[in-house]
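Novice: turn this into a structure:
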Amino acid sequence: MPITKAQRRALEIVRDRPGIAPREFAQAMWPNSKGHEHHHKCGHGSSKGGMMNMAGGGYLGKLVRAGLLERSYARHGSVFYLTKEGQEELEK
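Specialist: Predicted structure coming up:
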């Protein structure tokens, strides 16, 4: 299955930063997005850029379902690594 330019970029980010969290991924994948500055209400306060974290996690989740990444669970949430298939896609 051919991957898109965006998927290739995402795989390269994960390859270069193994164990990356969704927040870090979103900052690397979409560095100029105004979503990083947007404040969202959460509980009794607000969260800056919280929806970007969710967008990053969602995008990474699609790559996990495609078999290109694997998810591991760390103390503070999910982290992501390339699979053998993901590495092979980057080598094409």
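Novice: contact partners of stretch 85-92?
Specialist: 3, 8, 11-12, 14-15, 63, 67-69, 82 (Cβ atoms under 8 Å, 6 or more residues apart in numbering). Where you see a C-beta, it was placed from the backbone N, CA and C, and this is true even at glycine.
Novice: okay, who's weakest in those residues by pLDDT?
Specialist: By pLDDT, I3 ranks lowest within the contacts of stretch 85-92, coming in at 92.
Novice: what distance separates the host helix or strand of N53 from the centre of its chain?
Specialist: For N53, the host element (DSSP states H and E) is helix 50-65. Distance of helix 50-65 from the chain centroid (Cα atoms, centre = their mean, to the nearest Å) equals 5 Å.
Novice: surely V79 forms part of a strand?
Specialist: Yes - membership of V79 in a strand is supported by DSSP: H, G, I helix; E, B strand; the rest coil.
Novice: any idea what it is bridged to?
Specialist: In this entry, V79 is beta-bridged to S72, by DSSP bridges.
Novice: ok, now which ones touch it?
Specialist: Taking Cβ under 8 Å, 6+ apart, we find V79 in contact with 19-21, 71-73.
Novice: which residues in this structure form helices?
Specialist: Secondary structure of the chain by DSSP state H: the helices cover 5-16, 22-29, 50-65, 84-91.
Novice: elements contacting the longest one?
Specialist: Contact partners of helix 50-65 among helices and strands, from 3 or more Cβ pairs under 8 Å, 6 or more residues apart in numbering; DSSP states H and E: helix 5-16, helix 22-29, strand 39-42, strand 69-74, strand 77-82.
Novice: contact partners of the second one?
Specialist: The reference is to helix 22-29. 9-10, 13-14, 17, 20, 33, 36, 49, 52-57, 59-60, 77-78, 80.
Novice: flag the shaky bits of the protein, pLDDT-wise.
Specialist: 1, 35-50 (pLDDT under 70).
Novice: at 50 what do you get?
Specialist: 49 (pLDDT under 50).
Novice: buried deepest among the helices of the chain, which one?
Specialist: Highest mean neighbour count among the helices of the chain (mean count of other Cβ atoms under 10 Å): helix 22-29, with a mean of 20.
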